[in-house]
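Chemist: just need the structure, nothing else, for what follows:
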Amino acid sequence: MQFILLLLASIMSGKMGFKNKLLLLVGNLFFVGRIRGGGTLASLLTFLFILTYDSIYVVLSIFLLSLLVYKPSLRMILSLEDDKDPKQYVLDEIIGLSFGILLTEIFILLFQSSTSNLFDIYDRSLVLGIIFIFFRLFDIFKPVPVKWIDQPKSVPESIKNLSIFKEERALFRVIADDLVAGFMAFLVLVLISLYLVIG
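Modeler: Numbering: from 1, shown residues only. This is a model prediction of the structure:
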């Protein structure tokens, strides 16, 4: 609470430039990141926004815009908080979820135009709900390989030399674990779809 008051005072006093204020607000999604469970709430708000505006272009825009500002907004928050992966930074959740949903939308488009027509009875809210639930589960519980990216010390020696595990990639790892969680949620959906078709 003290941090929020200090931050608000700093923003109101004009000590922080407009660009930095904007980066800060985007990085923590207008203070959603400061609420307990902010990552889940930011993901839920993103999910509901995407569900409301039924378009792959909305998903693509959210993903690309978030990706574009992730590094400067993360650096801005890191300058205020001494933590390599600050909890108040929730843009990584938005990037990961929108990535999983984007892959799903592309997958559905590909199969709807094919002869197999995998999604004849496709219900968008149900399918995207599955992505949301599994994304959050993978992001919270961090199974391998999400855990490896989040905690590089847990990586097996055989793959420790990959560039993503190097210290200079720390900023990218903040979003990389969420990208992997989004991809894994998409894979779960693909497996469920294949099971329903084949089984």
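
Chemist: quick one: neighbours of residue 66, just the number.
Modeler: Using other Cβ atoms under 10 Å, the number of residues around residue 66 comes to 22. Placement of C-beta: from N, CA and C, glycine included.

Chemist: same check on residue 144?
Modeler: Neighbour count for residue 144, taken as other Cβ under 10 Å: 11.

Chemist: same thing with residue 141?
Modeler: Counted with other Cβ under 10 Å, residue 141 comes out at 10.

Chemist: pLDDT at the nearest residue to residue 142 once chain neighbours are set aside, what is it?
Modeler: Spatial nearest neighbour of residue 142, chain neighbours left out: residue 150 (5.4 Å); criterion: Cβ to Cβ, 6 or more residues apart in numbering. Model confidence at residue 150, expressed as pLDDT, equals 82.

Chemist: distance between stretch 97-109 and the chain's centre?
Modeler: Remark: stretch 97-109 is offset 13 Å from the chain centroid, using Cα atoms, centre = their mean, to the nearest Å.

Chemist: then stretch 46-53?
Modeler: 14 Å.

Chemist: so for stretch 148-168, what gets flagged as buried?
Modeler: Residues 148, 149, 150, 152, 155, 165 are the ones in stretch 148-168 that count as buried (16 or more other Cβ atoms under 10 Å).

Chemist: can you add distance to residue 132 and secondary structure and give the residues you listed back as TSV?
Modeler: TSV is the format used below for the buried residues of stretch 148-168 (distance: Cβ to Cβ, whole Å; DSSP: H, G, I helix; E, B strand; the rest coil):
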residue	distance to residue 132	secondary structure
148	23	helix
149	20	helix
150	20	helix
152	27	helix
155	28	coil
165	28	helix
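
Chemist: now those residues in a markdown table, with distance to residue 21?
Modeler: Below are the buried residues of stretch 148-168 laid out as a markdown table (distance: Cβ to Cβ, whole Å):
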| residue | distance to residue 21 |
| --- | --- |
| 148 | 35 |
| 149 | 30 |
| 150 | 29 |
| 152 | 32 |
| 155 | 37 |
| 165 | 34 |
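
Chemist: got the buried residues for the helix or strand hosting residue 23?
Modeler: Using DSSP states H and E, residue 23 falls within helix 18-27. Across helix 18-27, burial judged by 16+ other Cβ under 10 Å covers 20, 21, 23, 24, 25, 26, 27.

Chemist: with these in mind, which one is nearest to residue 123?
Modeler: Among those, residue 26 lies closest to residue 123 (Cβ to Cβ), at 31.8 Å.

Chemist: for residue 74, see how far away the closest one is.
Modeler: To residue 74, residue 26 is 10 Å away according to Cβ to Cβ, to the nearest Å.

Chemist: quick check: neighbours shared by those two?
Modeler: Counting by Cβ atoms under 8 Å, 6 or more residues apart in numbering, the contacts common to residue 26 and residue 74 are residue 91.
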